[in-house]
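Asks: okay, here's the prediction I keep looking at, along with the sequence it came from:
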Amino acid sequence: MCGICGLVALDGSEVDAAPLAAMSESLRHRGPDSEGSVVDGPVALAARRLSIIDLEGGDQPVGNEDRSVTVVQNGEIYNYRDLRAVLERRGHRFSTQGDTEVLVHLYEEHGPAFVRELRGMFALALWDSRQRRLVLARDRFGIKPLYYGSERGLLSFASELKALPRGEVDLDALEAFLTFNSIPAPLSIWRGTLKLPAGHLLVWEGKGEPRLERFARPAPVPADEVRDGKESELAEELRARLRDSVRAHLVADVPVGVLLSGGVDSGALAALAALESGERVQTFSIGFEEGSFNELSEARKVAERYDTDHHELVLKPDAAELLPKLAAAFDEPFADSSALPTYLVSELASRHVKVALSGEGGDELFGGYYTYVADLLAPRVGPLAGVIRPLVEALPSSSGRTSFDYKAKRFVRAAHLPPLERHHAWKEILSPEARAELLAPARRGSADPLDVYRARYQETEGAELLARLQDVDLGIYLVDDLLVKTDRASMAHSLEARVPYLDEVVAGLALALPTRFKVRGLAKKRLLRKAVAPLLPHSVVYGKKRGFSIPAAAWLRGPLVPFAREVLSAENVRRQGYFSPETVTRLLEDHVAEREDLSRQLWGLLSFTLWCEQAQRATALAA
C-alpha cells in the first residue's frame, strides 16, 4: 500500500520535477516506511510505501530488466503469484518477491490491457520510455483513489488532493456535495482537478492531451440470464467464493486484522479469516454510550466464537475535536458521519496491525439497505402513501438510529416518484429547492447532480429493476462515499484496508442473482445470510443492519450544539460566502427543537465549513 504521485510535461519536453518531492512528502501518511522516485524525460514518478509484501525488496518505483518500463502503485494484487508463474515461464526475470514487479512484466506482454488480468485493488502509474507512453489506471471497483489535472501544459496526478495544486471551488461539485454529502467522480472540489473513474485508464502517448478509456465495468446480468437453482446450493457456492476471497486478501508478510462492526458482513469476514489464518486473528470494534447505537455485544459474540484477539473502543461525542481532523484527512468536503468511527477504529487497529479487512460492498452487492425494501414496496403502496402523508409528517422527530419517523417520512415523500428518482430521494441530503435557498445565487452549479445517477442507470437497461438500482449504488455511493471514507480514514493512520466483498470471485455471483435471493418483503441480504449462517451466531446473522454509524441526531441536539452553533455562526458562514447564514441558522434550530431530523444536512454543513476554513487558511499561507 502506498501513496503515488507524478508529473508529465504534455509537450514531451523535459519535465520540471522540482515539485515532486513536496508532493510525495504530503503523502507520507500513506507510506511511512520508504520513498522513491524516478525522473525520465517528460515524466516524473514518486511513491511512498507502506510495506506489506516483500518487506525488504519491495520498494518503489519498480522497473523491468532494462528499466525501460517503470511503475508505481497504490494497492495490492492478490493473484500476483499466479501471474508471476506464467510470466516466468515466458522468460521474464524477477528481482523482487512482491506484487508490484508483476505489473511491468505483465504490461510487456499485454500493453495497457494488462490491467484486465489483475485481481486486486490498485491505482497505478506506468511509464514506458521506449513507447513514450504513460498509463494511469484505477481498479474496476474504485477501491483505490487517483486524482489528476493539467495546467499550463503540465499534467499532475496523486493519490490524494493535498498533493495537487489548489484552484477555485467547482460549483457543480459543491452542488453535488449538498445533494449526496460526497462528491461523485469525475468531479473533485477543485475546478480542473478530476478523479479517475473506477475501471478506467488515462493514457498519454508522448505528446498532446491524454485519453480516457474504460477497461472494466462490473454490471448486473440481463434479467433473462440471472442464476437459477436451489437457494441452498447457491448459498454453499457463495460461502466457498467468500472463503476464496478472504484467503486471497490475507496474503501479506505482516499480520492482518478485521474491522468488526457486529453485523453479518464483517462478522463473516472475521469468521472466515479465523478459519483461513494460521495465526490468531485480531479484531477491532467501536461502541457508543447511546444504547441503540452500541453493538459491541454482537461483535464480542463473533470474537469469542473464534477466539480472536479482540480490541474495543467506546466512543464519546468528542466530534468537536475530531471533525477538523477529518476535514484535513479527506482533502475535500465529505460528510458521511460514519467516517468518524471509521477513523477511530482505524486508529485503534493501526496500533496492532498494518492491514485490516473491512466489509464494504456487501450491502450494495447482496441487497442490504432498507432503501431496497422501499424500492420494491413503493409500487404497491404508493397511492396509500399519499393518503397517509399528513399523518406521517406529524410524527415527532426521534434521535434514534434510522428511526421509524425518519424512514416513514422519507418513504411517503418519495413513493410516488419514478424508480430512479425515488431511490435517490430515500437518501437525498438537500432537495433542489433547499439547495436553491441555501446557496447564494452566484454559487449555484449549472449541472443537475442527479445526471450522474441517470447515466449509470441507463447503462443497465434489461437487468432487473432492483439490480439496476443496486448498480447505481455500487458505482456511485460505494465508490465516492464508502470507499473514500475507508481509504482516507485508514490511510490517515497508515493502515491498509482490504475489502474482500469487492472481488471478482464474489461480485461475479452477486451480480447474477435474481431479486428474490437478495430482498423479499422486509428480509434483506437473504442469500448472504443463508450462506454465512453456519459461521455466525443467530443474532448476528438475523439482527438489524449494523455498521460504524454514529448517533449524530442526538449529539446535534445535545453535547455538540455549542460546537455546531460556533462553526455555523452567521459570521463564519457569511465570511466564507457560500451559504445563506439565515438558512443555515434555521436548519440548525429546527433540528435542535426536534421539528425534524436534519442531522445529515447539518453534518454536511459542518464538514464543508470546517473544510473551507482550512482551505482558505492554506491558500492565504501559500500566497
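Replies: Yes, it's here. None of the values given here were measured: they were computed from a predicted structure.
Asks: so where's the stretch 151-300 of the chain uncertain?
Replies: Low-confidence segments of the stretch 151-300 of the chain, defined by pLDDT under 70, span residues 290-294.
Asks: kindly report the same for the chain.
Replies: Low-confidence segments of the chain (pLDDT under 70): 1, 290-294, 317, 385-387, 390-395, 397-406, 441-442, 545-548, 622-623.
Asks: residue 12 reaches residue 205, doesn't it?
Replies: No - in this structure residue 12 lies outside contact range of residue 205 using C-beta atoms under 8 Å: 9.7 Å. C-beta: built from backbone N, CA, C; applies to glycine.
Asks: any common contacting residues for these two?
Replies: Contact criterion C-beta atoms under 8 Å, 6 or more residues apart in numbering; residues shared by residue 12 and residue 205: residue 132.
Asks: list the pairing partners of the strand or helix carrying residue 149 within its sheet, with orientation.
Replies: Secondary structure from DSSP states H and E places residue 149 in strand 147-151. According to DSSP bridges, the neighbouring strands of strand 147-151, each with its direction, are strand 154-158 (antiparallel), strand 193-195 (antiparallel).
Asks: possible to save these as CSV with distance to residue 542 and mean neighbour count?
Replies: Converted to CSV, those look like this (distance: least, C-beta to C-beta, whole Å; neighbours: other C-beta atoms under 10 Å):
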stretch, distance to residue 542, mean neighbour count
strand 154-158, 44, 23
strand 193-195, 38, 23
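Asks: relative to residue 40, which of the ones you listed is closest?
Replies: Distances from residue 40 to each of the strands paired with strand 147-151 were compared using C-beta to C-beta; the minimum, 14.9 Å, belongs to strand 154-158.
Asks: still on that earlier bit, quick one: contacts of the strand holding residue 149?
Replies: Under the criterion C-beta under 8 Å, 6+ apart, residues 10, 136, 155-161, 164-165, 167, 188, 190, 192-196, 202, 209 lie in contact with strand 147-151.
Asks: let's check: the centremost residue of the protein is which one?
Replies: When the chain is reduced to its mean C-alpha position, the nearest residue by C-alpha atoms, centre = their mean turns out to be residue 483, at 1.1 Å.
Asks: output the contacting helices and strands for the helix or strand encompassing it.
Replies: Of the helices and strands defined by DSSP H and E, residue 483 is found in helix 483-491. In terms of contacts (3 or more C-beta pairs under 8 Å, 6 or more residues apart in numbering; DSSP states H and E), helix 483-491 is packed against helix 319-330, helix 339-350, strand 496-498.
Asks: out of these, deepest packed?
Replies: Between these, strand 496-498 has the highest mean count of neighbours, a mean of 26, where neighbours are mean count of other C-beta atoms under 10 Å.
Asks: show me what secondary structure element comes after that strand.
Replies: helix 504-510.
Asks: helix or strand right after that next one?
Replies: Reading on from helix 504-510 to the C-terminus, the next helix or strand found by DSSP H and E is helix 526-532.
Asks: can you list contacts of the helix or strand just after that next one?
Replies: Heading C-terminal from helix 526-532, the first helix or strand you meet, by DSSP H and E, is helix 538-541. By C-beta under 8 Å, 6+ apart, the list of residues contacting helix 538-541 from outside reads 262, 263, 264, 267, 298, 301, 302, 529, 532, 533.
Asks: hey, where'd the helices end up in the stretch 351-500 of the chain?
Replies: Ranges of helices within the stretch 351-500 of the chain are 362-366, 370-393, 404-414, 419-427, 432-438, 451-458, 465-472, 483-491, based on DSSP state H, counting those that start in this stretch.
Asks: so residue 286 sits in a strand?
Replies: Yes - counting by DSSP: H, G, I helix; E, B strand; the rest coil, residue 286 is found in a strand.
Asks: residues in a beta bridge with it, which ones?
Replies: Each beta-bridge partner of residue 286 is listed here, defined by DSSP bridges: residue 313.
Asks: and it, how many residues sit next to it?
Replies: For residue 286, the count of nearby residues is 29 (other C-beta atoms under 10 Å).
Asks: isn't it up against residue 313?
Replies: Yes - the pair residue 286 and residue 313 passes the contact test of C-beta under 8 Å, sitting 5.5 Å apart.
Asks: where do the contact lists of the two overlap?
Replies: The contact sets of residue 286 and residue 313 overlap at 344, 345, 348 (C-beta under 8 Å, 6+ apart).
Asks: out of those residues, which comes closest to residue 584?
Replies: The shortest approach to residue 584 among the shared contacts of residue 286 and residue 313 belongs to residue 344, at 27.4 Å (C-beta to C-beta).
Asks: surely that closest one and residue 312 touch.
Replies: No - under the criterion of C-beta under 8 Å, residue 344 is not in contact with residue 312, lying 11.3 Å apart.
Asks: shared neighbours, the two?
Replies: Counting by C-beta under 8 Å, 6+ apart, the residues touching both residue 344 and residue 312 are residue 286.
Asks: quick one: residue 275 is in a strand?
Replies: No - under the criterion used here (three-state DSSP), residue 275 is helix, not part of a strand.
Asks: need the contact list for it.
Replies: By C-beta under 8 Å, 6+ apart, residue 275 lies in contact with 243, 306.
Asks: what does residue 208 give?
Replies: Remark: with contacts taken as C-beta under 8 Å, 6+ apart, residue 208 is in contact with residue 10.
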